[in-house]
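>>> What follows is a predicted structure for the sequence shown.
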Amino acid sequence: MLESPTLTDQINALLPQTQCGQCSFPGCRPYAEAIASGAADINQCPPGGDEGIRDLADLLGIPAKPLNTKFGLHKPASVAFIIEQDCIGCVKCIAACPVDAIVGAAKFMHTVIAQECTGCELCIAPCPVDCIVMQPAPVGNAEQSRAQKSAQAKRRYDARCLRKEKEEAEKAERAKKKKQALLTMQEAKK
Ligand code: SF4
Ligand code: SF4
Ligand code: SF4
């Protein structure tokens, strides 16, 4: 039997899922948890803007309020663009992107998949050569509804989290096997 969504789930479903951290929480779900527990206000998400605040207010049955600009300003949709001739292939942007919207390999130039980019800007600061700039989102992105964008970003973010968890588990397993092999070798030498 399917479990009914918690209040946190319902709030999280209304957030943009860029995981940008502007709300002062390390991602959309932690902010949703804070709203649900009364620890955060509903007007701290600049990417969601006034429409997002209205959705949250409707869900919670409370009055809407203006975006608290202490957390940032609502901006038009944008996507990251890599100036490829300047890219040194350090992969730092790939590590920073919450939705795996950047492709490239170590020492090769990288490219942003514009259709997948949420415009979170998290890849800009880690780039050591400042070759990532923000540009207006392509028409295809702008045509998507807020709900479609948020659902797509959440799918990709969840998939990335699962992949990272799997990689961590595999790394721990390799380290365990290496330790066991070393112990076996040491035992054999005795
Ligand atoms: S999109 Fe909004 S809720 Fe999600 S991390 Fe950014 S500011 Fe916070
Ligand atoms: S490419 Fe950059 S701006 Fe776009 S989603 Fe990834 S980290 Fe965010
Ligand atoms: S962080 Fe900058 S230099 Fe490094 S791979 Fe990404 S775009 Fe290229």
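Yep, that arrived. Ligands and ions are numbered 1, 2, ... in the order given.

>>> What segments of this protein are strands?
For the chain, the strands defined by DSSP state E occupy 78-82, 102-103, 111-112, 132-136.

>>> Report how many residues lie close to the nearest residue to E51 once chain neighbours are set aside.
Using Cβ to Cβ, 6 or more residues apart in numbering and skipping the chain neighbours, the partner closest in space to E51 is R146 (6.6 Å). No exception for glycine: its C-beta is placed from N, CA and C like everyone else's. R146 has 16 neighbouring residues, counting by other Cβ atoms under 10 Å.

>>> List the residues that contact R146.
By Cβ atoms under 8 Å, 6 or more residues apart in numbering, the contact list for R146 reads P16, E51, G52.

>>> and which of those residues is nearest to ligand 3?
P16 (23.1 Å; Cβ to the nearest ligand atom).

>>> What's the local residue count around the residue nearest to the closest one when sequence neighbours are not counted?
Leaving out its chain neighbours, the residue that sits closest to P16 by Cβ to Cβ, 6+ apart is P47, at 4.3 Å. The number of residues packed near P47 is 25, by other Cβ under 10 Å.

>>> wait, isn't P47 in contact with T18?
Yes: in this structure, P47 is within contact of T18 by Cβ atoms under 8 Å, at 5.2 Å.

>>> Touching both of those two, which residues are there?
T118, G119, C120.

>>> Return the member of those residues nearest to ligand 1.
The shortest gap between ligand 1 and any of the shared contacts of P47 and T18 belongs to C120, at 7.0 Å (Cβ to the nearest ligand atom).

>>> interface residues of this structure facing ligand 3?
When proximity is defined by Cβ under 6 Å from any ligand atom, the chain lies next to ligand 3 at 82, 87-93, 104, 110, 126-127, 129, 131-132.

>>> Spit out the contact partners of P126.
K92, C93, A95, A96 are the contacts of P126 under Cβ under 8 Å, 6+ apart.

>>> I misspoke; the intended subject was Q17.
Contact partners of Q17, counting by Cβ under 8 Å, 6+ apart, are C28, T118, K149, S150, A151, A153, K154, Y157.

>>> Could you give the number of residues near the closest residue to it other than its chain neighbours?
Excluding the flanking residues, the one nearest Q17 by Cβ to Cβ, 6+ apart is A153, at 3.8 Å. Neighbourhood size, A153 [other Cβ under 10 Å]: 25.

>>> Can you find the helix or strand in the chain with the smallest mean pLDDT?
Least confident element among the helices and strands of the chain, by mean pLDDT, DSSP states H and E: helix 139-143 (a mean of 82).

>>> Any part of that one near ligand 2?
No: on the criterion Cβ under 6 Å from any ligand atom, helix 139-143 is out of touch with ligand 2, staying 10.7 Å away.
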